[in-house]
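**Student:** Please find the sequence and the predicted model below.
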Amino acid sequence: DGGDNGTPYGFDGERLEDGYTADQISELVSGAEAAIDAQTGGQLDALTVSAMADAMVLDGFFASWNATLDDSQRQGLGADVMSPDFSAVAGSIMNSAVDASSQECMALTCDYGPWMVAAWGEPSSVITPLRADLLGYGTTDPVEMTLMDWAVYAGAASMMQANGAGVPPELASNESNSHKVGVLTGYDFKSSSGEIYVDELNYFLFGVNEATGYPAGMLAEQDLSGIPLYGVVLSLLPLTASPPDYMGYIEEYSIPGILTMQGVAGWSSGWQLAETHFPMRVVNPAASGTMDADTWWKMSFGGEEPLLGGNIAVGLNRNMAAGEGSSLALEKVDEILYDGPYALTNSDMATMFMYGELSGMTFPMTASGPGVGGVQSVWDDSHVAGMYGISESDASLLRSWVNDLMFGQVVGLLLNFQYGAGPLTTQSISNWLYGWSDPVLVGLYGAENSWVSLETNATYYGSGGLSTGDYSVYEETTSADGGTPGLRVAEGYLDSETGEIYGMGPDMPWRSDSAEEATLGLLSSHVGNDLTDQSGAIGGIVNDPDEPQLVNLVGYALADTEVIGDIVFKDIPMVHHRVSLEPTENQIQAKLIGSGTVIDVLPGALPVYFESNVDIYVEEITGIAMYGKSKSTFHLDLRGPGMIDPVLNVDTHPVFEIHTASEIGDDDAGSFVSAVIDNQGVFFWTDFGSGADGSTDDLVDFLAFGIYVLAVGLLVAGARGRSSTEAE
């Protein structure tokens, strides 16, 4: 069926009946040889008998065809006055005719011969000379050549039709299908007594896997959102796994043993794995050479489908009429897909291509390739045409194939098909924050390497104790040298196995120089700001409450506070600081993905924007932050891949919020007021015992009062002494 079900021929195609018909023609020849021997008493040599038998069979084909004509038809074709003489050409027609381009035998007793004759169709002014040339009767009289062609065509085609060629398997009998499967695979789904295993046979041909809902039969196919999915291809997946799942295949298709399985699977795998080569001229008189599955794909990708014509659903010319679109040479297809400098099957090149499609710009290009400090160019048809040495119209088709088909349709379908991963999932907040197992990562890297999280604990939530890996470590200032304690100096990692500290630096790790380099210098512009250095970010104490302070917003962003002014909170004078982080200038996709590649800056890969509104009250004397409240919101751009610069709450939707709040307790505030605030003036001691229980405030107040009285006494005594001296 010309590849419609993923193979060069199916159970309804002529390939099967061709071999069967060729055997029948050989049997006719053997019968003719026996008749000649009987008539001549065995006096003729074998070569002569064979030649006479070949001609006799062809004479029979002509006589049978001629008998179907009326007088006017015979007269019009010259069959009323001439019978063709096959004696000189019978050997070629029946046994030795070879297609020079493929070196395959096309004679009627060879497997491909009857199929070729039937596939080319009835004799005509175009077909007859081509077929006559191929089979060896092209130099005869034109009228005789036409009569020979009719005899050859009618004989082969009628026998193939009688054998069921062209009858769709869904309309054929179980006996017919069993026979065809047996000829092709070596197993006919019959018991030793000849009983057909009907259910097993029909599943092998037409079945759908109940567990997956996907086609499993050799002729089963399914349209998966415009992408054809063939059972004959899916059936081989267990056998191409590592290690191969032979028993899975045997159980799926009810095959009696591994030796039988090899024959059954070998039929389909021969084509799918490019081990079977198909002579193109069998179905196309103008074609040449052979074709395997790899060649079929390349020809169909870059032009028309070579067997049936038209355009396939997953090629460059999809959705275009026959004869329209691209017509690329096989070498160019190889260059584009497999072995060129920008081959799309190279993951780095595919990423580069998609970055261009989504951003409209190339990677930054240096003299040695993509890199930091390179020059970006506009990504358009002209640029892609130059990359691959193709026309701009072909480049447009290629861009659509990559972006619209492969990225927009196929990738998602394959993820769902292979790993059961849909675009959405629902789970608990604890999973989102602290750990979940991603089904795609399970399929790609195994269950142990599939865990991810937004925040980090020592182990992944729900993993049964699986470590999240190395720990974050921080270097902060202390008051040992008279400095302000708690100011951030550097951040890095602690190896969870060796205890070694590494990667220390002043930047937030996901905004480090190495992260910028890994994204070809695109990270800061993608995020929307260049604030990376967290040196001096405050902890719980500030050096100068009246000046703006650098704040690290839980590792997602850095911001300087705005000093709002003085405020009294719980009777304590404080300085109000505020942060209002603009989300459109703080995209955190690179932190959430964290691949350490340019995927982190692929526009729209995970377009989450971080907003944070923070209020901090700092006590004006000690510099201690005594009140803090924040609301952090994660906004998701809903417009899809490639979109940037969203309008907040129009293009985006808040999908996650984190609320935090902390303040000094009432009792602690009272103690602070008594111990610090009330003791700042000249008469701080006049509160006499109003400090908190257990504090030394009472003793200090009375001691201060004594000192005050003593000082006053000394002043009075001194004054008196001075007055006496002056009087004297």
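**Tutor:** Perfect, thanks for sending it.
**Student:** List the contacts of the residue nearest to residue 147 when sequence neighbours are not counted.
**Tutor:** Spatial nearest neighbour of residue 147, excluding adjacent residues (CB to CB, 6 or more residues apart in numbering): residue 84 at 4.6 Å. To be clear about C-beta, it is placed using only N, CA and C from the backbone, and glycine gets the same treatment. Contacts for residue 84 were tallied using CB atoms under 8 Å, 6 or more residues apart in numbering; they are 62, 140, 144, 147, 148, 151.
**Student:** And residue 84, how close does it get to residue 22?
**Tutor:** Distance of residue 84 to residue 22, given as CB to CB, to the nearest Å: 22 Å.
**Student:** Go ahead and list the helix or strand containing the residue nearest the centre of the chain.
**Tutor:** The chain has residue 411 as the residue nearest its centroid, 3.8 Å off, counting by CA atoms, centre = their mean. Using DSSP states H and E, residue 411 sits in helix 411-419.
**Student:** Give me the buried positions along the next helix or strand after that helix.
**Tutor:** Using DSSP H and E, the helix or strand that directly follows helix 411-419 along the chain is helix 429-434. For helix 429-434, burial by neighbour count (16 or more other CB atoms under 10 Å) applies to 431, 432, 433, 434.
**Student:** Buried subset of the contacts of residue 84, written for ChimeraX?
**Tutor:** To isolate the buried subset of the contacts of residue 84 in ChimeraX, counting by 16+ other CB under 10 Å, use the following:
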select :62,140,144,147,148,151
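**Student:** export the contacts of residue 84 to CSV and tack on pLDDT, distance to residue 567 and secondary structure?
**Tutor:** Converted to CSV, the contacts of residue 84 look like this (pLDDT from 0 to 100; distance: CB to CB, whole Å; DSSP: H, G, I helix; E, B strand; the rest coil):
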residue, pLDDT, distance to residue 567, secondary structure
62, 97, 112, helix
140, 77, 111, coil
144, 95, 113, helix
147, 96, 111, helix
148, 97, 108, helix
151, 97, 108, helix
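**Student:** So, low pLDDT: which residues of this structure?
**Tutor:** For the chain, applying pLDDT under 70 flags the ranges 1-19, 274, 481-482, 678-728.
**Student:** can we see that at 50?
**Tutor:** Along the chain, segments meeting pLDDT under 50 span 1-16, 682-685, 688-689, 694, 696, 699-702, 704-706, 723-728.
**Student:** related to what we said a few turns ago, quick one: which of the buried residues of helix 429-434 is nearest to residue 365?
**Tutor:** For the buried residues of helix 429-434, the closest approach to residue 365 (CB to CB) belongs to residue 432, at 38.5 Å.
**Student:** wait, what's in contact with that closest one?
**Tutor:** Listed by CB under 8 Å, 6+ apart, the contact partners of residue 432 are 454, 656.
**Student:** Repeat that for the one 4 residues further on.
**Tutor:** Contacts here follow CB under 8 Å, 6+ apart; on that basis residue 436 touches 427, 451, 452, 453, 460, 461, 462.
**Student:** Mind checking which of those residues are buried?
**Tutor:** With burial judged by 16+ other CB under 10 Å, the buried subset of the contacts of residue 436 is 451, 453, 460, 461.
**Student:** do you know how far the residue nearest to the second one when sequence neighbours are not counted is from residue 659?
**Tutor:** Pointing back at residue 453 there. Nearest residue to residue 453, sequence neighbours excluded (CB to CB, 6+ apart): residue 435, at 4.5 Å. To residue 659, residue 435 is 22 Å away according to CB to CB.
**Student:** Settle it for me: which of these two has more neighbours?
**Tutor:** Of the pair residue 435 and residue 659, residue 435 is the one with more neighbours under other CB atoms under 10 Å, namely 21 against 9.
**Student:** Please look at the more buried one and residue 463 and confirm they touch.
**Tutor:** Yes - using CB atoms under 8 Å, residue 435 is in contact with residue 463, at 5.7 Å.
**Student:** Can you work out which residues contact both of the two?
**Tutor:** Counting by CB under 8 Å, 6+ apart, the contacts common to residue 435 and residue 463 are residue 451.
**Student:** re earlier: doesn't the residue nearest to residue 147 lie inside a strand?
**Tutor:** No - under DSSP: H, G, I helix; E, B strand; the rest coil, residue 84 sits outside any strand and is assigned coil.
**Student:** Over to it: give its phi and psi.
**Tutor:** For residue 84, the backbone dihedrals (degrees, to the nearest 10) come out as phi -70, psi 150.
**Student:** Tell me the backbone dihedrals of residue 371, please.
**Tutor:** phi -180, psi 170.
**Student:** Enumerate every residue touching it.
**Tutor:** By CB under 8 Å, 6+ apart, the neighbours of residue 371 are 364, 365, 520, 521.
**Student:** Touching, the second one and residue 379? I think so.
**Tutor:** No - with contacts counted by CB under 8 Å, residue 365 stays clear of residue 379, the gap being 11.5 Å.
**Student:** Which one of the two is surrounded by more residues?
**Tutor:** residue 379 (21 against 15).
**Student:** Name the nearest residue to that one, sequence neighbours excluded.
**Tutor:** residue 356 (3.4 Å).
**Student:** tell me the SS of that neighbour?
**Tutor:** In three-state terms, and counting by three-state DSSP, residue 356 is helix.
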